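Undergrad: One predicted model, sequence on top.
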Amino acid sequence: MGFLGVLIRNLVAGPSTDPFPFGETFTPATLRGRVEYHPADCVACRACEQVCVGGAIRFDKTPEGLRFLLWHDSCTFCGLCAFYCPTEGITLTDDWHLAHPQSRKFAMVEEGTIPTIRCAACGAQALATAPAAALFDHPPTPAEVEEMRSYCPRCRRKVAAERKAS
Ligand code: SF4
Ligand code: SF4
């Protein structure tokens, strides 16, 4: 086909690429993109911090609780954090819109805090982590999860043992 033929064919067929950034573009369903942290589901095991190949995750003890910090700039999107997370405290999304100027690299973070509380039973200081599934002998209701969250680890075990025995 000559030049004119190719030109006419392409004009009729239209662009074969997506119009991004001026329109929608294709995102594969299995894409590993921006990491999200969900403090309400976190048991504070810190496995994600241990396995993170990019050294992107850090936990810090603060007066308010246990603070989670993730630098998107250091994340390699390997997915190990989500793979080893025993709950769904950390997950990968299919969002890849992370381009940013170098000057904003320290602002590209995911943050969250598990708050410090006083145990509702004994008054000891504790983290309001998500209660482990092993504390229940049935799938817990949201109210049961919230009640257990209000106890320290020792009182959680005591309450769980009493309920399983009754
Ligand atoms: S996000 Fe998951 S792996 Fe990380 S500390 Fe929380 S429960 Fe553990
Ligand atoms: S996806 Fe990989 S590099 Fe990114 S935070 Fe998770 S473990 Fe770290």
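TA: Yep, it's here. Ligands and ions are numbered 1, 2, ... in the order given.

Undergrad: and the lengthiest helix in the chain, what does it pack onto?
TA: Counting by DSSP state H, the longest helix found in the chain is helix 153-165. For helix 153-165, the packing partners by 3 or more Cβ pairs under 8 Å, 6 or more residues apart in numbering; DSSP states H and E come out as helix 142-149. Any C-beta I mention is one placed from the backbone N, CA and C, and that applies to glycine too.

Undergrad: and the helix it packs on with ligand 1, contact?
TA: No: using Cβ under 6 Å from any ligand atom, we find that helix 142-149 stays clear of ligand 1, coming within 13.6 Å at best.

Undergrad: now swap in stretch 82-95 and tell me
TA: Yes: Stretch 82-95 reaches ligand 1 (Cβ under 6 Å from any ligand atom) through 85, 86, 87, 89, 90.

Undergrad: and that stretch, C-alpha only, in CSV?
TA: Only the C-alpha atoms of stretch 82-95 are listed here, as CSV (Å, rounded to 0.1, in the frame of the first residue of the first chain):
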residue,chain,number,x,y,z
ALA,A,82,0.0,-7.2,51.3
PHE,A,83,0.9,-10.9,50.8
TYR,A,84,2.3,-11.4,54.3
CYS,A,85,-0.3,-9.2,56.1
PRO,A,86,-2.4,-11.5,58.2
THR,A,87,-5.4,-9.2,57.9
GLU,A,88,-6.2,-6.7,55.2
GLY,A,89,-4.3,-3.9,57.0
ILE,A,90,-2.3,-3.1,54.0
THR,A,91,-3.4,-3.5,50.4
LEU,A,92,-2.4,-2.6,46.9
THR,A,93,-4.7,-0.6,44.7
ASP,A,94,-4.8,-0.3,40.9
ASP,A,95,-4.0,3.4,41.1
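
Undergrad: Just the buried residues of that stretch, please?
TA: For stretch 82-95, burial by neighbour count (16 or more other Cβ atoms under 10 Å) applies to 82, 85, 89, 90, 92.

Undergrad: Show me what the helix or strand hosting the first one packs onto, helices and strands only.
TA: Taking DSSP states H and E as the criterion, residue 82 maps to helix 80-84. Using 3+ Cβ pairs under 8 Å, 6+ apart as the contact criterion, the secondary-structure elements in contact with helix 80-84 are helix 47-51, strand 90-92.

Undergrad: Right, I'll call it a day here.
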